[in-house]
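S.K.: just to be clear, the model below is a prediction. Sequence and coordinates:
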Amino acid sequence: MRTRFDRQLELLHVELIKMGGLCEEAITLACDLLETQERNRQQKVFALESEIDAKEREIEDICMRLLLQQQPVARDLRLISAALKMISDLERIGDQAADISDLAPYIANSDIKSKVQIHDMAKATIRMVTGSVDAFVNNDLEQAGKVIASDDIVDDLFNKIKEEILVSICDKKEDIKAALDILMAAKYFERIGDHAVNVAEWVEYSITGIHQSSEHHLEQ
């Protein structure tokens with residue numbers, strides 16, 4: 001029975017890696033769309049969002065089988081519970097990547113994107129998402145802590161972008177609609193970072209049994 005349980009746990013790890021990879025790809029494509037209008041690439045983001053939704057349901061099924069067909073000990077129960085929480089955050093990351101891709105055609109036509117640090121912010125959030133999933137798969141408490149600490153970097157970049165956009169608008173150098181679009185995209189990246197922090201905190205919980213919640217940072 002334990003051997004079968006361990007195989008199912010390994011499947012859970014594999015599927016979580018796949019879901020994290022889909023999220024990383026969706027964010028990367030959404031970021032690329034800020035530079036160029038490619039309808040095929042935008043459609044790919046939407047397709048990835050659907051794949052992420054399907055993967056969430058698949059992982060939920062695995063977790064339910066583990067809970068109902070086995071009798072997990074406390075450590076395993078924490079891990080399964082954490083996985084169920086994590087996939088909810090990963091699914092939201094997919095949604096927000098799609099939201100960014102919706103805004104991308106308007107931003108790509110504007111000069112303002114070259115005056116803000118949106119790409120630095122995007123890269124930082126991708127690293128956070130990848131790092132949080134890696135921390136879970138490798139049972140790495142230190143890596144989870146690094147992801148949580150990285151949230152300050154993303155928040156700082158978001159604040160800088162707000163300031164840069166405000167200056168551009170006040171100087172009447174930019175179209176206000178384009179400025180608001182890129183501000184909204186930056187907000188979506190910030191939320192992605194928050195979701196990555198949630199994932200990392202659930203990793204900490206799965207290892208230590210202690211959960212330091214920062215979910216209040218997220219705007220529903």
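M.R.: It's in.
S.K.: where does this protein dip in pLDDT?
M.R.: Within the chain, the segments meeting pLDDT under 70 span 1-2, 111-115, 172-174, 213-220.
S.K.: look up how far residue 44 lies from residue 51.
M.R.: 10 Å (Cβ to Cβ, to the nearest Å). Heads up, the C-betas are built off the backbone N, CA and C, glycines and all.
S.K.: brain fart, residue 126
M.R.: 16 Å.
S.K.: of the two, who's got more company?
M.R.: residue 126 (21 against 17; other Cβ atoms under 10 Å).
S.K.: give the contact list for that one.
M.R.: Shown in contact with residue 126 (Cβ atoms under 8 Å, 6 or more residues apart in numbering): 24, 27-28, 31.
S.K.: just those residues now: which is nearest residue 16?
M.R.: Closest approach between the contacts of residue 126 and residue 16, by Cβ to Cβ: residue 24, at 12.6 Å.
S.K.: quickly find the element holding that closest one.
M.R.: helix 2-33 (DSSP states H and E).
S.K.: quick one: residues contacting residue 59.
M.R.: By Cβ under 8 Å, 6+ apart, the contact set of residue 59 is 12, 15-16, 19, 83-84, 87.
S.K.: go again with 7 Å.
M.R.: Residue 59 is in contact with 12, 15-16, 19, 83, 87, counting by Cβ atoms under 7 Å, 6 or more residues apart in numbering.
S.K.: which residues are contacting stretch 198-205?
M.R.: 78, 82, 85-86, 89-90, 132-133, 135-136, 141, 144, 147-148, 210-215.
S.K.: ok, now stretch 100-112?
M.R.: Stretch 100-112 has contacts (Cβ under 7 Å, 6+ apart) with 30, 33-37, 42, 45, 113, 168, 174-175, 178-179, 181-182, 184-185, 188.
S.K.: buried ones in it, by neighbour count?
M.R.: Neighbour-count burial for stretch 100-112 flags 100-108, 110, 112 (criterion: 16 or more other Cβ atoms under 10 Å).
S.K.: ok, back up a step: what about burial for the contacts of stretch 100-112, which qualify?
M.R.: By 16+ other Cβ under 10 Å, the contacts of stretch 100-112 give 30, 33-34, 42, 45, 113, 168, 174-175, 178-179, 181-182, 185, 188 as buried.
S.K.: what's the most distant pair in these?
M.R.: Among the buried ones among the contacts of stretch 100-112, 45 and 168 lie farthest apart (Cβ to Cβ), at 26.9 Å.
S.K.: tell me the contacts of the nearest residue to residue 55 once chain neighbours are set aside?
M.R.: Take residue 55 and drop its neighbours on the chain: the residue closest to it by Cβ to Cβ, 6 or more residues apart in numbering is residue 19, 4.3 Å away. By Cβ under 7 Å, 6+ apart, the contact list for residue 19 reads 52, 55, 59, 87, 90.
S.K.: pick the one among those residues closest to residue 154.
M.R.: Nearest to residue 154 among the contacts of residue 19, with distances taken as Cβ to Cβ, is residue 90, at 16.9 Å.
S.K.: that closest one is in contact with residue 23, isn't it?
M.R.: Yes - contact criterion Cβ atoms under 7 Å: residue 90 and residue 23 qualify, at 5.4 Å.
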